[in-house]
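# okay, here's the prediction I keep looking at, along with the sequence it came from:
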Amino acid sequence: MGASAAVAPPKSVAPKPILTTYGLKRYLANVGQKTEPRALFRIVVRINYLFSHISEAEMTPILIKWCKRTDSPFDQAQIRQMVLDAKQRVLKHSSKRD
């Protein structure tokens, strides 16, 4: 090893978005109570865009707990259906853009 070998700098790694269930809970902490179905659905759609990698199975209990904490008048079945509908809407719109 007579000559010093040039060492390339490490490749930069793209930062991973911090979009975890913890991030979702923090996001919801800044969202007020939603009593109208349309207002809640808009929030659920927005959440599905922002946190698209979080599954319905993970998202639904977080939203149910949030609705209970904010005294929103929605039951578990309504919230579960909104999450499913929002996921479908996001998938449909994102596939149109591709």
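Sure, I can see it.
# check Q33 and give its pLDDT.
Confidence per residue is given as pLDDT, and for Q33 that number is 89.
# go ahead and confirm it touches R69.
No - using Cβ atoms under 8 Å as the test, Q33 is too far from R69 to be in contact (9.1 Å). For every residue, glycine as well, the C-beta is placed using N, CA and C.
# could you list the buried residues of the top helix by length along the chain?
Selection of the longest helix in the chain by residue count, based on DSSP state H, yields helix 76-97. Judged by neighbour count (16 or more other Cβ atoms under 10 Å), helix 76-97 contains these buried residues: Q78, I79, R80, M82, V83, A86, K87, V90.
# repeat for stretch 33-52
Applying a neighbour-count criterion of 16+ other Cβ under 10 Å, the buried positions in stretch 33-52 are K34, L40, F41, I43, V44, V45, I47, N48, F51.
# setting aside sequence neighbours, what's the nearest residue to the third one?
Think F41. Take F41 and drop its neighbours on the chain: the residue closest to it by Cβ to Cβ, 6 or more residues apart in numbering is M82, 5.4 Å away.
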